[in-house]
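Participant: sharing a model prediction with you, sequence too.
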Amino acid sequence: MADPLPPPRLLPSGDSAVTVEFSRTIDETANRRVLALDHALAAAGITGITETVPTYRSLLVHYDPGVIDHAALSSQLLALSAGSLAPETDIRRWRVPVCYGGENGIDLEDVAKALNLTPDEVVARHVAGTYRVAMIGFTPGWSYLSGLDPRLQMSRRQNPRLATPAGIIAIGGIQTGIQCLAGPCGWHLLGRTAMRTFQLHRTPTFLLEPGDEVSFIAVDEKTFAEQERAAEAGELIAERIAA
Amino acid sequence: MTTLVVSQIGPASSVQDGGRFGAQRYGLTPSGAMDKLSLAAANSLVGNELMAAAIEIGPFGATFMAKDGPVRVALAGAPRPADIAKRQIEMNTSVTLNEGEKLTLGFARGGSFSYLAIEGGISGEPMFDSLSVNARAGLGSPYPRPLQSGDVFKVAPASQAPELRLELPKASGAIRVVMGPQDDEFSDEMKALFLGSDWAVSATSDRMGYRLEGPVIRHLHGHNIVSDGTVEGSIQVPGNGSPIVLMSDRGTSGGYPKIATVITADYGRLAQTPAGTPFRFKAVSMAEAQAELRRYKDLLRSLPHRVTELTSSDFNVDALFTANVAGHAVSATDVTTWPGVTPD
C-alpha cells in the first residue's frame, strides 16, 4: 500500500466551476490523479456536475449550483480524490502514422542541429516513445502528450508561427503534441499526420481521450497522401492496438 | 418559401444561441451569445425558447429584408437606431416585416451586441445541440462563419400574434468577480490595485477575449503556469501585466495565472461594455455570487411572463432610462426592486 497522497486544492473558478488542483507543475502522478478523479466522477454520476475538463495538473469541474451546493460538491471531490491510485485498466492504445521531415516537418533539420543529433536520430527517438494524452485543449482536438524522450526536450520557438497546417506533430518543452486544426503554433514541427483527432460528421467526432496511450509510426509522403484522402472520406487512420 | 435576407451587415455578427456544451474536454469551446439576457429578451418577444439561436449583431449597422412573405422579428441588447421605411422601431419590441420591407439598424450606442430573434427560430443543423458559430472550428449553422451580406435565412411566415414589448431592469455598477483560481499568484498589493483601479475594454477585443487597459498587474512568481481549464469570464494576466477577460469563444485551457472570474450574472454586462468606457471590478463571496446567479436565472425565466402588448401610446424608452439613471426606479443589484422577480 502506497503512502496516502496529499489532498488536492479546491480553487473557485467563478460561481459555476471549481478547479481541483493536484499539482502546480507538470508531473505524471498529478496527471494520473486528474484522470482517476475524472473517471471516478463519471462513474459516480453526481447530479449537478455538467462537464469536466481534465488538464495536466487539475480537473475543472463545471456544475450547476442550483442543483448541487458548493460545499457538498467540494466534500465529494475531496473524498473521491483521497487514497492511493489504483492500477489503470482498459487503457486505449493508438498507433498514429506520421510523415516526418520535408515540407511536412519544416523544423526537423533545425531541431536536429540544436540537439546535436541527425534528423534520422530525432525521428528514431520520437518514434520509439510511448506517450499519454495528458490533456486536450485550447482548440478542438489539440492533444498534449507526455512521455517525450528527455534528449528531445527543447524550449518553444521564440516567435510562434501564426499559421501552421492541420495535423502537425510538434515538440515543445517536455511535451509532444498533435494539433488537429490549422492555426498558430509556437512548437517545433517534426511532421504531419493524416489522423484527425476532431472531424465533423464522423463517429466518433473526437478520436483521442485524455488518458489514451499513443505511439507513432513513420510513413512516407506517398502513404501520407493516400491517408489524407482516406481521412477525408471519414477513416480513422490511427490504428487501435493491443497492449 | 419565406426568407429573411441579410441585405447588408458589418463584421462581428453571427448566429448564436445558449452555447455548445459537453465537449470542452476535447478543446471545443462553448461559444454562444455574449449577452444571454438580451438573447433571451429577443426570443421572449417572438415566443421562442429563451436560448434559441438568434442573430448576434456587432457594433456596426445591418439591414434585413423579408422575402416571399412577412417575417416577425424582435430586437434586444445594445441600443441602436432601427427603422422600417423611416418608421422608428424601439428596442425590446417585436415587429413584423412585410414582404419586401427592410429593417435598417444603425451603429450600437452604449453597448456592443444586439440580438435579432426571428419568430419560429433559425433553422439549421445543430452540432452538440447548438447552432452557435465557432469560426475557428468551422462550426455553426446555417453558416459556419460570421454573417455576410447576401446570406439568407429560411423562416416561418409571421403569425398574426400582436406585437409585444418588454421592460428590462437596467443594471449598472461594478462588474462583480469571485477571486481565483490563481489569485495566490498575486500580492495583496496587486489584488488591491486590480480591484481599486478603473479599467477599460481595449478596441482590439473580440469574442475570444477582452483586453483590458489600466495599470500593470505584476505576478509574484512569473507569468507561466501549467495550462489549466478556463471558464467564461476567467480573467488571466499574461506576461505584459494587462489582464484579458476570456469570453465566449475562448480557448478551453490557458497557461497564464487567472486572478479572478466574472460572475455569471455580470458577464453579459461586461460583454456589452463599449471599448474605452471606464469600469471597475468588485470582489464578492462565493455565496453572494451564487445568490446573484439564482436571481439572474429567475429573471431569465420571468421574461416570457413580462412581455406585454405593444400599444400605440407606447412607453418612452428615454424617460424610463432617465428614471433608472436617477436611481429610484430599479436597482441593478437589488433584485427586490425588479418587477416580477421573486428572490429565493
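Facilitator: Ah, there it is. Residues are numbered from 1 along each chain as shown, chains lettered A, B, ... in the order given.

Participant: straight-line length of stretch B:259-266, end to end?
Facilitator: From its first residue to its last, stretch B:259-266 covers 17 Å (Cα to Cα, to the nearest Å).

Participant: pLDDT weak spots in chain B?
Facilitator: Chain B contains residues with pLDDT under 70 at B:312-344.

Participant: can you name the farthest residue from the center of it?
Facilitator: The outermost residue of chain B relative to its centre, with distances by Cα atoms, centre = their mean, is residue B:221 at 34.8 Å.

Participant: what about residue B:13, how many residues nearby?
Facilitator: 23 (other Cβ atoms under 10 Å in any protein chain shown). C-beta: built from backbone N, CA, C; applies to glycine.

Participant: touching, it and residue B:147? I think so.
Facilitator: Yes - if you go by Cβ atoms under 8 Å, residue B:13 and residue B:147 touch, sitting 4.8 Å apart.

Participant: return every residue with contacts to both of those two.
Facilitator: residue B:55 (Cβ atoms under 8 Å, 6 or more residues apart in numbering or on different chains).

Participant: show me the shaky parts of chain A.
Facilitator: Low-confidence segments of chain A (pLDDT under 70): A:1-4.

Participant: what residue in it comes nearest to chain B?
Facilitator: The nearest approach of chain A to chain B comes at residue A:60, 2.9 Å away (Cβ to the nearest Cβ).

Participant: what's the local residue count around residue A:35?
Facilitator: Residue A:35, neighbours per other Cβ under 10 Å, totals 21.

Participant: over to the one 4 residues further on?
Facilitator: Close neighbours of residue A:39, defined as other Cβ under 10 Å, add up to 18.

Participant: report the contact partners of the residue farthest from the centre of chain B.
Facilitator: residue B:185.

Participant: and it, how far from residue B:257?
Facilitator: 8 Å (Cβ to Cβ, to the nearest Å).

Participant: quickly list what residue B:96 is bridged to.
Facilitator: Counting by DSSP bridges, residue B:96 is bridged to residue B:72.

Participant: check contacts around it.
Facilitator: Residues in contact with residue B:96 (Cβ under 8 Å, 6+ apart) are B:70-73, B:158, B:163.

Participant: quick check: nearest residue in space to residue 243, chain neighbours excluded?
Facilitator: Looking at chain A here, since you left the chain open. Leaving aside its sequence neighbours, residue A:243 sits nearest to residue A:93 (Cβ to Cβ, 6 or more residues apart in numbering or on different chains; 6.3 Å).

Participant: you looked at the wrong chain, it should be chain B
Facilitator: Using Cβ to Cβ, 6+ apart, the nearest residue to residue B:243 is residue B:212, at 4.6 Å.

Participant: just residue B:190 next, same as before
Facilitator: residue B:217 is the one closest to residue B:190 (Cβ to Cβ, 6+ apart), at 5.4 Å.

Participant: same check, this time on residue B:106
Facilitator: Here the residue nearest residue B:106, using Cβ to Cβ, 6+ apart, is residue B:81, at 3.8 Å.

Participant: surely that neighbour and residue B:110 touch.
Facilitator: No - using Cβ under 8 Å, residue B:81 makes no contact with residue B:110, being 12.0 Å away.

Participant: can you count the residues close to the nearest residue to residue A:157 once chain neighbours are set aside?
Facilitator: Excluding the flanking residues, the one nearest residue A:157 by Cβ to Cβ, 6+ apart is residue A:186, at 5.1 Å. Applying other Cβ under 10 Å, we find 15 residues neighbouring residue A:186.

Participant: contact partners for residue A:186?
Facilitator: Per Cβ under 8 Å, 6+ apart, neighbours of residue A:186: A:156-157, A:159-161, A:172.

Participant: now for the helix ranked longest in chain A, which elements pack on it?
Facilitator: Assignment by DSSP state H gives helix A:28-44 as the longest helix of chain A. Helix A:28-44 is packed against strand A:49-54, strand A:58-63, helix A:70-81, strand A:131-136, with contacts defined by 3 or more Cβ pairs under 8 Å, 6 or more residues apart in numbering or on different chains; DSSP states H and E.

Participant: same thing but at 10 Å, please
Facilitator: Packed against helix A:28-44 by the contact rule (3 or more Cβ pairs under 10 Å, 6 or more residues apart in numbering or on different chains; DSSP states H and E) you find strand A:17-21, strand A:49-54, strand A:58-63, helix A:70-81, strand A:131-136, strand A:143-146.

Participant: then that helix to PDB, C-alphas only?
Facilitator: Written as PDB, here are the backbone C-alpha positions of helix A:28-44 (Å, rounded to 0.1, in the frame of the first residue of the first chain):
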ATOM      1  CA  GLU A  28       2.900  12.200 -14.200                       C
ATOM      2  CA  THR A  29       1.400  11.300 -10.800                       C
ATOM      3  CA  ALA A  30      -0.700  14.500 -10.800                       C
ATOM      4  CA  ASN A  31      -2.000  13.800 -14.300                       C
ATOM      5  CA  ARG A  32      -2.900  10.300 -13.300                       C
ATOM      6  CA  ARG A  33      -4.800  11.600 -10.300                       C
ATOM      7  CA  VAL A  34      -6.600  14.100 -12.500                       C
ATOM      8  CA  LEU A  35      -7.700  11.300 -14.900                       C
ATOM      9  CA  ALA A  36      -8.600   9.000 -12.000                       C
ATOM     10  CA  LEU A  37     -10.900  11.700 -10.400                       C
ATOM     11  CA  ASP A  38     -12.400  12.300 -13.900                       C
ATOM     12  CA  HIS A  39     -13.200   8.600 -14.200                       C
ATOM     13  CA  ALA A  40     -14.500   8.400 -10.600                       C
ATOM     14  CA  LEU A  41     -16.800  11.400 -11.200                       C
ATOM     15  CA  ALA A  42     -18.200   9.900 -14.400                       C
ATOM     16  CA  ALA A  43     -18.800   6.600 -12.600                       C
ATOM     17  CA  ALA A  44     -20.400   8.300  -9.600                       C
END
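
Participant: quick one: the strand ranked longest in chain A to chain centroid distance?
Facilitator: Determined from DSSP state E, the single longest strand within chain A is strand A:93-100. A distance of 14 Å separates the C-alpha centroid of strand A:93-100 from that of its chain, computed with Cα atoms, centre = their mean, to the nearest Å.
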